[in-house]
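K.L.:
structure for the following, please:
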Amino acid sequence: MTEPSRPGGGAIATPHSLATRAGEQAYERGGSAIDAALAAAAVLCVVYPQNVSIGGDLIALVRSPDGVVRCINASGPAPHLVDAEDLRRQHGGELPYRGISTVTVPGALRGWDTLHRMASNRPWSEIFDQAIAAAEGFPVSRSLADAFVTEAESIVSDSGFTDVFQRGGRFPTEGETLVQPALARTLATLQAEGADAFYEGSVSDDFLTGLAALGSAITAPDLLLFRPEIVEAISTAFGSWRVHTSPPNSQGFALLRVLEQVQALPVEDPLGAGLGQLMLLFKAANDIRDEQLGDPRSGELDLQTSPASGSGAPTVVGAGFERPRGDTVGIAAADAEGWSVSLIQSVYHAFGSGVLEPATGILLHNRGTSFSLRPGSANLLAPGRRPPHTLMPVIVTEGERLRAVSATMGGQGQPQIHAQVLLRAAAGASAAEAVSAPRAIVGAQQDGDSSTTVYLEADLSDEAERSLTTTGLDVRPTHARSEVVGHANLILVAPNGDFDAGSDPRSDGSASASATTSA
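P.N.:
This is a model prediction of the structure:
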């Protein structure tokens, strides 16, 4: 639910109410949208460990008051000592889904530092106030409690993890208090000393010692040399709107590709009678992403053509596939001065690698599992190479004005979630209506799925469901407001500048709008 607008401040939407409150407090102190998003992100790294950690990656889109949209890509590379041949000997043809071999350089904290230097009104130290308080004890949310149950079998092999998240041999249930003392100390050090404490300072020594003991290839030069990229966003026209997102190694191109195609569909409603055609367009985009997306710094990418193998036969997910149920957090923020940010941060699969470095309390992501060990692959694991990324922030403009900030989790389905949310907003839905509405997702989500699997929520219209039956896709109903279709956060800006913010009921979040934009 969105609060009424009032002068000053800004709008924010996040997947956890404590994070939204931290963003609101940043505005109350005179902070910018960046300050609000960073305070929210820090809290989420404590209260939503199934989705996010300071031991993960970040990709953000920022629009400045002059209308320029920039992408901050803080996705970390494979360590310089990584040996793909050795990993083939250990794991066979594919990397595992969890464990220390899947950990790449965590980029999030350098991303926070870059964002803070770009557009902050408040001191760095304020980012951490509410996060430290949460690390000293917070009530476990429904989503976190459910994740402990769902993922229990695959997250109990690391003693650092179980020492923090279990008490008396069991995980906490909803409403119980969870305390993370080592993480609280690390956050306090970062608050006092800045992001450098992690990459080249007082936190890094303990962190690297712990990683070495766990068998990681990450060493001091990997942390010291890491810097995020600030690059141009990619964009396309969609009606009177221009939709901006992140370039490769992000999958953002898939959203733009389909938005360009959907305008030529011979139906008026791509979420009703045209839903089947929309899913086929995304299926084709998924095939291109899965075969061709990689790190553009490692070679030229061709993401406009069909994959060499074609898109007719379904690609079946192998045994042992784990859907990245935790995946990501998406934060949308915009302020009265014209700054806006879509901040996406992740541990990838639920609880990431399932490995927690005990001295620092930092949970490690498993983004490296996206690399291939197949020679000739566009995303072959190699030293210094970034893995293909699901993270993809979105900002929408119309002429010189901001129209929307969209942020979502949902793994490989993020382009589809953004598209469905924006299509509903373009048709006149409020922010809350757009993120709450039923959705469908095509692509492999869990063991036994294939590239042709479509999950649709039970409350989609009969017309939409009928449109899927003629596609040849494997349609699988799921319950209404299912996390299998991700959860989104959205800020819309009316022509008069009023903000409207909505948080997805599939999460534990909330949204707030307390300002009118000036740009």
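
K.L.:
check the gap between residue 288 and residue 201 for me.
P.N.:
Residue 288 sits 42 Å away from residue 201, going by CB to CB, to the nearest Å. Every C-beta, even on glycine, is put in place using the N, C-alpha and C of the backbone.

K.L.:
for whichever strand or helix holds residue 417, packing partners?
P.N.:
Per DSSP states H and E: residue 417 is located in helix 414-426. Helices and strands touching helix 414-426, by 3 or more CB pairs under 8 Å, 6 or more residues apart in numbering; DSSP states H and E, are strand 241-245, helix 252-262, helix 275-292, strand 394-398, strand 401-408, helix 431-436, strand 440-442, strand 488-493.

K.L.:
turn those into JSON lines, including distance to residue 63 and mean neighbour count.
P.N.:
Formatted as JSON lines, the helices and strands packed on helix 414-426 follow (distance: least, CB to CB, whole Å; neighbours: other CB atoms under 10 Å):
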{"stretch": "strand 241-245", "distance to residue 63": "8", "mean neighbour count": "23"}
{"stretch": "helix 252-262", "distance to residue 63": "15", "mean neighbour count": "22"}
{"stretch": "helix 275-292", "distance to residue 63": "25", "mean neighbour count": "22"}
{"stretch": "strand 394-398", "distance to residue 63": "5", "mean neighbour count": "25"}
{"stretch": "strand 401-408", "distance to residue 63": "6", "mean neighbour count": "28"}
{"stretch": "helix 431-436", "distance to residue 63": "17", "mean neighbour count": "24"}
{"stretch": "strand 440-442", "distance to residue 63": "28", "mean neighbour count": "28"}
{"stretch": "strand 488-493", "distance to residue 63": "11", "mean neighbour count": "30"}
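
K.L.:
hang on, the earlier thing: only alpha carbons, please: show the helix holding residue 417 as PDB.
P.N.:
The C-alpha trace of helix 414-426 is given here as PDB (Å, rounded to 0.1, in the frame of the first residue of the first chain):
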ATOM      1  CA  GLN A 414      13.300 -11.100 -14.900                       C
ATOM      2  CA  PRO A 415      12.900  -9.800 -18.500                       C
ATOM      3  CA  GLN A 416       9.400 -11.400 -18.600                       C
ATOM      4  CA  ILE A 417       8.400  -9.900 -15.200                       C
ATOM      5  CA  HIS A 418       9.500  -6.400 -16.200                       C
ATOM      6  CA  ALA A 419       7.600  -6.700 -19.500                       C
ATOM      7  CA  GLN A 420       4.300  -7.800 -17.900                       C
ATOM      8  CA  VAL A 421       4.600  -5.200 -15.200                       C
ATOM      9  CA  LEU A 422       5.300  -2.400 -17.700                       C
ATOM     10  CA  LEU A 423       2.600  -3.600 -20.100                       C
ATOM     11  CA  ARG A 424       0.000  -3.300 -17.300                       C
ATOM     12  CA  ALA A 425       1.300   0.100 -16.200                       C
ATOM     13  CA  ALA A 426       1.200   1.300 -19.800                       C
END
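
K.L.:
so for it, mean pLDDT?
P.N.:
What helix 414-426 shows for mean pLDDT is 97.

K.L.:
how near is the closest residue to residue 228 other than its chain neighbours to residue 182?
P.N.:
Take residue 228 and drop its neighbours on the chain: the residue closest to it by CB to CB, 6 or more residues apart in numbering is residue 74, 3.9 Å away. Distance of residue 74 to residue 182, computed by CB to CB: 23 Å.

K.L.:
from the chain's centroid, how far away is the helix holding residue 417?
P.N.:
15 Å (CA atoms, centre = their mean, to the nearest Å).

K.L.:
that helix relative to helix 275-292, how many degrees between them?
P.N.:
150 degrees (axes from the mean of the first three to the mean of the last three CA atoms, to 10 degrees).

K.L.:
okay, the angle between helix 414-426 and helix 252-262?
P.N.:
Using the same axes, to 10 degrees: helix 414-426 against helix 252-262 is 50 degrees.

K.L.:
so which bits of helix 414-426 are buried?
P.N.:
414-426 (16 or more other CB atoms under 10 Å).

K.L.:
what pairs with the helix or strand in which residue 341 is found, parallel or antiparallel?
P.N.:
Using DSSP H and E, residue 341 sits in strand 340-348. In the sheet, strand 340-348 lines up against strand 57-63 (antiparallel), strand 327-335 (antiparallel) (DSSP bridges).

K.L.:
can you list the low-confidence ranges for this protein?
P.N.:
Applying pLDDT under 70 to the chain flags residues 1-8, 300-327, 446-447, 518-519.

K.L.:
domains in it, by residue range?
P.N.:
12-230+325-370, 232-324+397-513 (automatic domain parsing).

K.L.:
for residue 213, give its distance to residue 14.
P.N.:
Distance from residue 213 to residue 14, by CB to CB: 35 Å.

K.L.:
out of the two, which sits in the busier spot?
P.N.:
Taking neighbours as other CB atoms under 10 Å, residue 213 and residue 14 compare with residue 14 leading, 35 against 13.

K.L.:
touching, that one and residue 509? I think so.
P.N.:
Yes: judged on CB atoms under 8 Å, residue 14 makes contact with residue 509 at a distance of 5.2 Å.

K.L.:
ok, back up a step: and the buried residues of helix 414-426, which is closest to residue 408?
P.N.:
residue 417 (4.6 Å; CB to CB).

K.L.:
quick one, what contacts that closest one?
P.N.:
408, 410, 439, 441, 485, 486, 488 (CB atoms under 8 Å, 6 or more residues apart in numbering).
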